[in-house]
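Enquirer: Using only what follows, build the 3D model:
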Amino acid sequence: MTSRTVTVGFDLDMTLIDSRPGIRATYLALAAETGTYIDADLAVTRLGPPLEAELAHWFPEGAIDEVGARYRELYVSHAIEPTLPMPGAREAVEAVRRTGGTAIVVTAKHEPNAKLHLDHLGIAPDAVIGWLWAEAKAEALVDYGAGVYVGDHLGDVRGARAAGALSVAVPTGPCGAAELREAGADVVLEDLTDFPAWLEAYAAAWT
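Expert: Have a look, this model is predicted:
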């Protein structure tokens, strides 16, 4: 039989990287600069949706575009260095390559900043696609022919399902395992350290 390969998409924040320390520092810098109170500790408990959704809790609607642009500028100097890879992140991407597959990152994050994170941490997917959230992630997943999408948020499950991809979830972000299952995740792993073994078994079924 002919061996087939799979394209695997990964979410970024709280799936591949723990960006909470850097995001917290960026919010604090933004608060200091604008004079607007931001509960940075609260903000980092609800990562996943686009930045603008969080800024709407702290700024009037008319200011969000300008403040968002400034946040992304501050992000480069405050958020890249403190961010760490999630356990198993590098190994998960490498596992896709060992199967002969393609690894992509599909994230709601500002794409240039997503690439800075991955470069800094030495995580090297084949493509990085930013500015996509929830069902909109299906655009990139379909374009790249992804058969699997790995994420930590209910929005990631919805994106996978919208693309007709297998939803693999890790409860390493704001959503628990039961919540992810209820949302329709096909597979729930404890974290990415379990992903290589799961992928090896999944890929074997494709041969």
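Enquirer: all contacts plus neighbour counts: C-alpha atoms, from now on.
Expert: Will do.
Enquirer: for the chain, what are the low-confidence residue spans?
Expert: Within the chain, the set of residues satisfying pLDDT under 70 comprises 1-4, 206-207.
Enquirer: can you pull out the helices in it?
Expert: Taking DSSP state H as the criterion, the chain contains helices spanning 20-34, 40-43, 51-55, 64-78, 89-98, 111-121, 137-143, 154-163, 177-182, 195-204.
Enquirer: Now do the first one and helix 64-78, the angle between them.
Expert: Spelled out, it's helix 20-34. Here the directions of helix 20-34 and helix 64-78 differ by 120 degrees (axes from the mean of the first three to the mean of the last three Cα atoms, to 10 degrees).
Enquirer: rewinding a little: what's the closest of the helices of the chain to Trp131?
Expert: helix 111-121 (6.4 Å; Cα to Cα).
Enquirer: Sort out which residues of the closest one are buried, please.
Expert: Within helix 111-121, the residues scored as buried using 16 or more other Cα atoms under 10 Å are 111, 113-115, 117-118, 121.
Enquirer: The nearest residue to Ala138 once chain neighbours are set aside: neighbouring residues, count only.
Expert: What sits nearest to Ala138 in space, not counting adjacent residues and going by Cα to Cα, 6 or more residues apart in numbering, is Ala163, at 4.5 Å. By the other Cα atoms under 10 Å criterion, the neighbourhood of Ala163 contains 24 residues.
Enquirer: mind checking how far Ala163 is from Met14?
Expert: Noted for Ala163: a distance of 21 Å to Met14, by Cα to Cα, to the nearest Å.
Enquirer: now swap in Thr36 and tell me
Expert: Distance check for Thr36 against Met14: by Cα to Cα, it reads 26 Å.
Enquirer: Likewise for His57?
Expert: When Cα to Cα is the yardstick, His57 and Met14 sit 21 Å from each other.
Enquirer: Which of these two has more residues huddled nearby?
Expert: When neighbours are counted by other Cα under 10 Å, Met14 comes out ahead of the other of His57 and Met14, with 22 against 12.
Enquirer: Which residues are in contact with that one?
Expert: For Met14, the contact set (Cα atoms under 8 Å, 6 or more residues apart in numbering) comprises 47, 86, 152, 172-173.
Enquirer: cutoff 6 Å now
Expert: Gly173 (Cα atoms under 6 Å, 6 or more residues apart in numbering).
Enquirer: hang on, the earlier thing: now distance to Val6 too, for the helices of the chain, in JSON lines please.
Expert: Formatted as JSON lines, the entries for those read as follows, by distance: least, Cα to Cα, whole Å:
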{"stretch": "helix 20-34", "distance to Val6": "30"}
{"stretch": "helix 40-43", "distance to Val6": "35"}
{"stretch": "helix 51-55", "distance to Val6": "31"}
{"stretch": "helix 64-78", "distance to Val6": "33"}
{"stretch": "helix 89-98", "distance to Val6": "8"}
{"stretch": "helix 111-121", "distance to Val6": "21"}
{"stretch": "helix 137-143", "distance to Val6": "12"}
{"stretch": "helix 154-163", "distance to Val6": "14"}
{"stretch": "helix 177-182", "distance to Val6": "23"}
{"stretch": "helix 195-204", "distance to Val6": "8"}
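Enquirer: Show me how the chain divides into domains.
Expert: Residue ranges for the domains of the chain, per automatic domain parsing: 7-18+85-204, 20-78.
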